[in-house]
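Asker: turn this into a structure:
(2 chains)
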Protein chains: 2
Amino acid sequence: MSGGIRVIHYGLGAIGSQIARLVLSREGMRSVAAIDIDEGKAGRDLGRVIGLDRPLDIPVSKTLASALEGREAEVVLHSTDSFLEKVIPQLREVISAGLNIVSTCEELAYPAAQHPKLAVEIDTLAKERGVTVLGTGVNPGFIMDTLPLVITGVCQEVHRIHVWRRVDAGRRRLSLQRKAGAGLTRAQFQEGVKARRVGHIGLRESVALIAGALGWELEAIEESLEPVIAERPMRTQFLEVGAGQVAGVHQIGRGIKDGQEVITLDLEICVGLEGARDTISVEGRPSIKLTMEGVHGDIATAAMVVNAIPRVVDAPPGLVTMADLPLVQAGLDRSPLSL
Amino acid sequence: MSGGIRVIHYGLGAIGSQIARLVLSREGMRSVAAIDIDEGKAGRDLGRVIGLDRPLDIPVSKTLASALEGREAEVVLHSTDSFLEKVIPQLREVISAGLNIVSTCEELAYPAAQHPKLAVEIDTLAKERGVTVLGTGVNPGFIMDTLPLVITGVCQEVHRIHVWRRVDAGRRRLSLQRKAGAGLTRAQFQEGVKARRVGHIGLRESVALIAGALGWELEAIEESLEPVIAERPMRTQFLEVGAGQVAGVHQIGRGIKDGQEVITLDLEICVGLEGARDTISVEGRPSIKLTMEGVHGDIATAAMVVNAIPRVVDAPPGLVTMADLPLVQAGLDRSPLSL
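Answerer: The predicted structure is shown next:
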């Protein structure tokens, strides 16, 4: 824990804690402070809060100001909420303190999609303060936007992009199962959607990120969200789903250009789903089809955030997306690529 | 053909010509000059040389100096040879003229692998002249190095990378079939390998690029190269392969670290090969497996070169690799990503 990039953890939920544990294992970075508004976490030692069996001598603070007392850092790893309007006061505070941000806030992956004014504000403030702000994760941030864009690198023309992501929620933590609506009645599911407790956040951002990077001007981004109904009773480590109850969620984001659906992002997160995998189809010259197995959402999101740190610290100031950064890959903390 | 990045074509073989045709279709760039040492091409119009049915009013020059007379440009698209020692005089001349380079020279994808002194020379000269130099293509440049690295972005740990590329040479141009040794006897194959006419160039570069980017210090890079023998007679558009003759080539590049084979790049280029596809396995936390179909080598190499142009023009000076650049994707010439 001597040198390296100094990191502050902002938000110590399931993902934030996993991020903090991963930072501990990396040579080129170290945790110097942590923040969580949860009364049950603030005041305790970071090591205990993230589930280690030893203290890290870093008290979890309730505010950024107290976390920064007597400490310096380069980057804040931010993992508190999915919605930009909820986290914007936190982002403003962090940027104003002159700290770079890597955030799992889904709407920050491409904030221009739904909050163009906030996107401009973040970009302007970040440039004023000389820091870089990135929203990333497995999705949005990788499977349904960055990876399809990477594939287009070997295409002379691209006409249409279609991505299918199939996630077995039964093998994931309870909060993801809840987000998928597993175990709810149809009526409870609709209530949950209305209250934005149920459903994946970020499809619109992924559609807009692809379109923006490809230079496609979309006339519309559409989104549908339906429950997937269990045909037989199922049980996970955390909950039960009766036959006829909701097993999960099926969401589709669509990007429309010149009357054609040129981007389709089709996501199913379900308990009991078989054949979990990701499939990407790029129609163009040439047409390419890719299937991928093994990308575990939580592990992947924590990995993306931590792997992105060196790139974000090195990037020019402003609001950036995954499409603006050099390759985010494992190993960046260890040694720079020597030529 | 009004604004945009001004491009010079250096080398108008099969790939160079395809690159030139692709540049013509892109809004954000235009061809201003062309060079080929071939007596049959120099002096003729670029449009005719690359197979268009119309002239482009750009004469193909024999030298860079005459190509540059009265013209300015930002980038040279270089496609003349696979070996760094052969192209280094050309690269020196282009860099000295203050022009960025995107080259299909396989050994330039990661020149430190086999020519560390030349790598330093290119980097130093490029920085002096304020230009950026990139070697790229489908392989090396994408399938067996960049794409596996992209996948590691969602990994917390990476232990081993294994890539299989299976190419049906029967559907490709004659020169690739020749490079694969198709139709040769075993003895002719071995002669061809010795003379470096037969075999894929770039495996060592891909192994070294992966290792360099992941911060892995390899104690050895090994390479094997064997003929694949035809069991039955086969015929392509260009040549015949008798039973018992060579159908293609099977090459494996291996990266050894701490006594373990941590990188395996397994390439088969064969006439009559069935199930052409690319497979990437990243063993780590988590382990990820990806399969991809449809990446046609020539189309992909031309695409990578042209798609990389805006990134190379914007990059800081020096010798760079695909791992240093922001996403190389389609559409970069059209409109910058607006936030």
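Asker: give the contact list for residue A:239.
Answerer: Under the criterion of CB atoms under 8 Å, 6 or more residues apart in numbering or on different chains, the contact list for residue A:239 reads A:174, A:177, A:182-183. The way it works is simple: take the backbone N, C-alpha and C, and place the C-beta from them, glycine included.
Asker: what about chain B: which of those touch it?
Answerer: By CB under 8 Å from any CB of the partner chain, no member of the contacts of residue A:239 lies near chain B.
Asker: which of these has the most neighbours?
Answerer: residue A:182 (32 neighbours; other CB atoms under 10 Å in any protein chain shown).
Asker: before we move on, the earlier item: can you list the contacts of residue A:239 in CSV and add pLDDT and distance to residue A:321?
Answerer: Output for the contacts of residue A:239, formatted as CSV (pLDDT from 0 to 100; distance: CB to CB, whole Å):
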residue, pLDDT, distance to residue A:321
A:174, 89, 31
A:177, 93, 29
A:182, 95, 31
A:183, 95, 35
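Asker: now for these: which two are most distant?
Answerer: A:174 and A:183 (10.3 Å; CB to CB).
Asker: does any bit of whichever strand or helix holds residue A:252 sit next to chain B?
Answerer: Applying DSSP states H and E as the criterion places residue A:252 in strand A:246-257. No. Using CB under 8 Å from any CB, strand A:246-257 never reaches chain B; the gap is at least 12.2 Å.
Asker: and that strand, which strands flank it?
Answerer: strand A:220-229 (antiparallel), strand A:260-270 (antiparallel) (DSSP bridges).
Asker: which residues of chain A fall in helices?
Answerer: Secondary structure of chain A by DSSP state H: the helices cover A:14-24, A:46-49, A:64-68, A:84-96, A:116-129, A:146-152, A:174-179, A:186-194, A:203-214, A:297-314.
Asker: closest to residue B:117 out of the ones you listed?
Answerer: Per CB to CB, nearest to residue B:117 of those: helix A:297-314, 27.3 Å.
Asker: what score does residue A:331 have for pLDDT?
Answerer: Predicted confidence (pLDDT) for residue A:331: 84.
Asker: please read the previous query as pertaining to residue A:137.
Answerer: At residue A:137 the predicted local confidence, pLDDT, stands at 97.
Asker: how far away is it from chain B?
Answerer: For residue A:137, the distance to chain B (CB to the nearest CB, to the nearest Å) stands at 9 Å.
Asker: ok, back up a step: Serialize the strands paired with strand A:246-257 to CSV and add fields for mean neighbour count and mean pLDDT.
Answerer: Below are the strands paired with strand A:246-257 laid out as CSV (neighbours: other CB atoms under 10 Å in any protein chain shown; pLDDT from 0 to 100):
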stretch, mean neighbour count, mean pLDDT
strand A:220-229, 16, 97
strand A:260-270, 21, 97
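Asker: got these as JSON lines, with distance to residue A:129 columns?
Answerer: Formatted as JSON lines, these follow (distance: least, CB to CB, whole Å):
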{"stretch": "strand A:220-229", "distance to residue A:129": "31"}
{"stretch": "strand A:260-270", "distance to residue A:129": "33"}
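Asker: how about the ones you listed, which one is nearest residue A:10?
Answerer: Proximity to residue A:10, assessed across the strands paired with strand A:246-257 by CB to CB, is greatest for strand A:260-270 (25.9 Å).
Asker: closest residue of the stretch 1-150 of chain A to chain B?
Answerer: Residue of the stretch 1-150 of chain A nearest chain B, by CB to the nearest CB: residue A:149 (4.4 Å).
Asker: and the spatially closest residue to residue A:213 that is not a sequence neighbour, what's its pLDDT?
Answerer: Spatial nearest neighbour of residue A:213, chain neighbours left out: residue A:323 (4.3 Å); criterion: CB to CB, 6 or more residues apart in numbering or on different chains. Predicted confidence (pLDDT) for residue A:323: 93.
Asker: contact partners for residue A:180?
Answerer: Contacts for residue A:180 (CB under 8 Å, 6+ apart) come out as A:169, A:198, A:248-249, A:269-271.
Asker: for the nearest residue to residue A:137 once chain neighbours are set aside, give me its contacts.
Answerer: In this structure, residue A:137 finds its nearest non-sequential neighbour in residue A:301, 4.0 Å apart by CB to CB, 6+ apart. With contacts defined as CB under 8 Å, 6+ apart, residue A:301 is in contact with A:15, A:18, A:104, A:137-138, A:141.
Asker: so can I have CSV of those showing neighbour count?
Answerer: Converted to CSV, these look like this (neighbours: other CB atoms under 10 Å in any protein chain shown):
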residue, neighbour count
A:15, 21
A:18, 22
A:104, 28
A:137, 30
A:138, 27
A:141, 32
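Asker: what's the closest of those residues to residue A:289?
Answerer: Of all those, residue A:289 sits closest to residue A:138, with 20.6 Å by CB to CB.
Asker: the closest one reaches residue A:294, doesn't it?
Answerer: No. Counting by CB atoms under 8 Å, residue A:138 sits too far from residue A:294 to count as a contact (11.7 Å).
Asker: measure residue A:13 to residue A:302 for me?
Answerer: 11 Å (CB to CB, to the nearest Å).
Asker: more neighbours: which of these two?
Answerer: Applying other CB under 10 Å to residue A:13 and residue A:302 shows that residue A:302 carries more neighbours, namely 28 against 17.
Asker: picking that back up, nearest to residue A:223, of the helices of chain A?
Answerer: Across the helices of chain A, residue A:223 has its closest neighbour in helix A:203-214 (5.6 Å, CB to CB).
Asker: taking strand A:220-229 as reference, get the angle to that closest one.
Answerer: Angle of helix A:203-214 versus strand A:220-229, following axes from the mean of the first three to the mean of the last three CA atoms, to 10 degrees, is 140 degrees.
Asker: other SSEs contacting helix A:203-214?
Answerer: helix A:146-152, strand A:220-229, strand A:246-257, strand A:260-270 (3 or more CB pairs under 8 Å, 6 or more residues apart in numbering or on different chains; DSSP states H and E).
Asker: per-residue pLDDT, residue A:172?
Answerer: Residue A:172 carries a pLDDT value of 88.
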